[in-house]
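K.L.:
Next input, structure requested:
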Amino acid sequence: MWFLGLLYSLPVVLREPGTTVVSKPAGMASSMRVEGGGSSDISAISALRAGNDFVELPHRLDRITSGLLVAATDPDVLRWHNKAIQERLWQKYYVARLAVD
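P.N.:
Residues are numbered from 1 along each chain as shown. Okay, the predicted model is just below:
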């Protein structure tokens, strides 16, 4: 169901050779795999793969989490991101927004 990715346009925050960073909304799966071994037809990876030969995620965000999602569009860049994560060179920031009366 790759064509479902065409229905969803994710805002591109950064595009560099081999890397695209998008803003993933809450409620959308990062990848096709979901808990319990099922699958999701509507995911960030399917939206990113529309029109691209290679797209893989070096990390994921939970379905309920919105945030920036890094996608590698080149196998060498994917390996670079994976190594950077393994060596703890990436920094993660979690921000909670609260509505207060």
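K.L.:
Quote the end-to-end distance of stretch 60-80.
P.N.:
16 Å (C-alpha to C-alpha, to the nearest Å).
K.L.:
now it, how far from the chain's geometric center?
P.N.:
Centroid separation between stretch 60-80 and its chain, computed with C-alpha atoms, centre = their mean, to the nearest Å, is 4 Å.
K.L.:
buried stuff in it?
P.N.:
60-61, 63, 67, 69-73, 77-78 (16 or more other C-beta atoms under 10 Å). Every residue, glycine included, has its C-beta placed from N, CA and C.
K.L.:
Looking at the residues you listed, spot the one nearest K92.
P.N.:
Nearest to K92 among those is G67, at 9.4 Å by C-beta to C-beta.
K.L.:
Could you pull up the residues touching the closest one?
P.N.:
Counting by C-beta atoms under 8 Å, 6 or more residues apart in numbering, G67 makes contact with 23-24, 61.
K.L.:
And it, how far from R79?
P.N.:
Computed as C-beta to C-beta, to the nearest Å, the G67 to R79 distance reads 23 Å.
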